[in-house]
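Asks: quick check, what structure comes out for this input:
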Amino acid sequence: MSPDQIQLVRQSFARVAPIADQAATLFYARLFALDPAISRLFSGSDMPAQGRRLMEMIGDAVRLLEQPAQLDAALRELGKRHVAYGVQDGHYTTVGTALLATLADALGPDFTPATRAAWGALYAHVGDTMQAGAQEVF
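Replies: Reported below is the predicted structural model:
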């Protein structure tokens, strides 16, 4: 990611962080609407707690953008853990779609094409790195 993209991600996340619980609820509603089968991965989960973990993970990734070795190590471990939850490669695309749609709703007109591209670049890296970690399990 370029320095400009990192700045856009950080600025926009700072606007979403105060409404993290609402954003997480919207994210999971979108995710499950896009692929209802994914909801089975969360059966029995405390969804408010899951939402907090999601937003914390995103916040951690945003904070580590300029520390790629640390970020990548954390993402690979996260990918390994997600294998046990039943996450499959195709789920990553659906999650990315739900994330970008959630950010668009949360940020409104501030979710500019440049901001969308920055988040798209971040999520592409997150998804690819988590999937690489998942492959280490096999």
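
Asks: you'd agree Gly86 is up against Leu41?
Replies: Yes: using Cβ atoms under 8 Å, Gly86 is in contact with Leu41, at 5.1 Å. (Each C-beta comes from the backbone N, C-alpha and C, glycine too.)

Asks: higher neighbour count, those two?
Replies: Comparing Gly86 with Leu41 by other Cβ atoms under 10 Å, the one with more neighbours is Leu41, at 16 against 10.

Asks: and the gap between that one and Gln131?
Replies: 16 Å (Cβ to Cβ, to the nearest Å).

Asks: if we go by neighbour counts, what in stretch 55-62 is buried?
Replies: Neighbour-count burial for stretch 55-62 flags Met55, Ile58, Ala61, Val62 (criterion: 16 or more other Cβ atoms under 10 Å).

Asks: with distance to Ala37 added, can I get these in CSV?
Replies: As requested, the buried residues of stretch 55-62 are exported to CSV (distance: Cβ to Cβ, whole Å):
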residue, distance to Ala37
Met55, 23
Ile58, 23
Ala61, 26
Val62, 29
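
Asks: list the contacts of Thr102.
Replies: Counting by Cβ atoms under 8 Å, 6 or more residues apart in numbering, Thr102 touches Ala23, Leu26, Phe27, Arg30.

Asks: I am finished for the moment; much appreciated.
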